[in-house]
Every structure is written in C-alpha cells, then in structure tokens.
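K.L.:
Sequence first, predicted model second:
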Amino acid sequence: MAAKPDYKKYGFIPQVQPGLLVMRIRNKAGNMTAAQMRSVAELAERYADGQVHVTTRQAVEIPGVKEEFFEEALAAIKAADLLPAVCGPRVRPVVSCPGTDTCPYGLLSARALAEKLDDDFVGRDLPAKTKFAVSSCPNSCTKPQANDVGFKGVVEPLVDQTACVKCGACVRRCPAKAMTIENAELVIDYNKCLACGVCIKLCPKKALQVGRKGYHIYVGGKGGRYQYDGQLIAEYVTEESVLDYLEAVLATYKELAEKGERLNSVVAKTGIPELKVKIEAKL
C-alpha cells in the first residue's frame, strides 16, 4: 500500500472521521479579498458540504474533504489565488493586527511585517511547530507574548523640556502612570513606560518626541495545555532589522532544540542571557 501524502505540510488535517480531511487555507496578515472569499465558498461547496470554519489564527478551514480529493483540492486552492496553510513541525501562518492601516493606536505597519514574515518564513521546517504574531502597539491584540516569537510595536517618548508647558495632559492620560511633574520638569519613569506613544500623540505643544521606534521581540511563548509567557529578548528592533534578527533566532533554535522540542523548552534550558548571546553572534 502506498504511503499517504504528508497532508499536514499543505494544511490538510485528518479528521476524527476516517477518510476525511479538514482543508485549511491561510491568508496574509489576516486579510482576504472579496474574490478570495467567494473562492473559499466555491471550494467548500465543491469538495465538502459548504461549511467554513474561521480558526483562532485568522485562517479558514473547510471540514469534510474526502482523502481521495486531496491532490485535486490542493491544486484548486492554488488555482483560485489562495494559499494552502501549513501544519506540522514548521513555521505556521502569521497572526497580525491591522496596525497603522486602520487602527488609531497603531505605531507600525504590522501588516507589512506580517506579509514579509509570511513570504520568507511560513512553511520552513523546524524542530517543532513555531508560531509568530505581530502587534502594532503595546495593546498586544494578537498576543505576541503567547507565541513562539512575538513582535510588539513600540515607540520611546523623549521630552523637550523647553517646549513643555507642564500642562499635565500626558500625566493624566499615561496608561502606566509613568509620568510626573517634578521640580517644574516632566519626568518619565522608563521602567514603567509601556512605549505605547499615547503621550506623544496627545501632547498639545509637541514637547514629547519620538525616540527609538521598532519592535520588542519575545521568544518562548506558548498557549495550549501548558502555557508559557514569552520572554523579552530584544528591544526597539527596527523594521529593517527584524528579519535578520528572526533568522538568527531560528538558526539558534535549530542548533539547540531536540526533535519535537518547542522554543519555550529551549528558553527554559538555556536561559535568556545565554540565548541572547548566541543569537547576537549570528547577526
């Protein structure tokens, strides 16, 4: 008997019912066009009973596809200008918020970064499944700290004391209560500061300026049966440097991990200080 195809590599997941597959279709940064959505509906009606499920990671899946239609359905996904998902021990589709495209809190173009991550990394084989999430700001709507590698957009506020009129608007609105007026000067406690940029946007005199801007990068986050918070490993990584930094993270992960070992286990056994040294040596 011929071996069955590696269904999971192409986003097809064997169901509990013998002979049936869930056909998962990914998108880039959580976005699909109206034409693509119509194509999904057509595929659901052609290969199953018309049902479509929206996954927790912004993909869609069609349950009830017969195994014998696997190759035909995969070809149909590609012909419809859609992207097959990926499962198994490899980089999974990227979760992203809308970012500066539509969100008033957005600091960076999360969509642009997510699309680059999709193009360069999704489907890459690794010791175990590896999930990415991109959030444009510290509101962290996509839960970057709960992913193997998470990216959180941040901006550092800097004070121009000569322009500041000590109106206190930023002090009142700071979500972290990180700002005070002391001895006629505005003081920022950077240990409390969320780097959310709220104060910069609301300052009436533009006395608060943009300092460093980029992504905080977290590694080792994980949901599921046993949950772990990702650990901060790099701060204010510029948009131009994110891909190089991620390449170094994944190379270090492959170097240190056993087969089937998630990144959180590597973080636990290596420790962030040593892991950071190994990553930065590859930059």
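P.N.:
In hand now; what should we look at? Predicted model only: the values in this text are computed from it and were never measured.

K.L.:
Can you give me the buried ones in stretch 153-164?
P.N.:
By 16 or more other Cβ atoms under 10 Å, the buried positions in stretch 153-164 come out as 153-157, 159, 164. In this view, the C-beta of every residue, glycine as well, is placed from N, C-alpha and C.

K.L.:
Next, Thr252: secondary structure please.
P.N.:
helix (DSSP: H, G, I helix; E, B strand; the rest coil).

K.L.:
got the buried residues of stretch 153-164 as CSV, with pLDDT columns?
P.N.:
CSV is the format used below for the buried residues of stretch 153-164 (pLDDT from 0 to 100):
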residue, pLDDT
Gly153, 98
Val154, 98
Val155, 98
Glu156, 98
Pro157, 98
Val159, 97
Cys164, 97
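
K.L.:
Would you reformat these as a markdown table and include secondary structure and distance to Tyr218?
P.N.:
Shown next, in a markdown table, are the buried residues of stretch 153-164 (DSSP: H, G, I helix; E, B strand; the rest coil; distance: Cβ to Cβ, whole Å):
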| residue | secondary structure | distance to Tyr218 |
| --- | --- | --- |
| Gly153 | strand | 12 |
| Val154 | strand | 12 |
| Val155 | strand | 17 |
| Glu156 | strand | 18 |
| Pro157 | strand | 21 |
| Val159 | strand | 28 |
| Cys164 | coil | 33 |
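
K.L.:
Just the closest of those to Gln51, please.
P.N.:
Proximity of these to Gln51 (Cβ to Cβ) peaks at Gly153, which lies at 35.8 Å.

K.L.:
what are the bridge partners for the closest one, then?
P.N.:
On the basis of DSSP bridges, Gly153 is bridged to Tyr215.

K.L.:
If you count neighbours, what's buried in whatever helix or strand Tyr236 lives in?
P.N.:
Element membership of Tyr236 [criterion: DSSP states H and E] is strand 231-237. Residues of strand 231-237 classed as buried by neighbour count (16+ other Cβ under 10 Å): 231, 233-234, 236-237.

K.L.:
about what we covered before: could you redo the buried residues of stretch 153-164 as CSV and give each row distance to Val198?
P.N.:
As requested, those are exported to CSV (distance: Cβ to Cβ, whole Å):
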residue, distance to Val198
Gly153, 13
Val154, 12
Val155, 10
Glu156, 13
Pro157, 9
Val159, 14
Cys164, 16
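
K.L.:
Among those residues, which pair sits farthest apart?
P.N.:
Gly153 and Cys164 (25.1 Å).

K.L.:
Just the pLDDT at Glu45, thanks.
P.N.:
For Glu45, the model assigns a pLDDT of 98.

K.L.:
and it, how far is that from Glu61?
P.N.:
Using Cβ to Cβ, to the nearest Å, one obtains 15 Å as the distance from Glu45 to Glu61.
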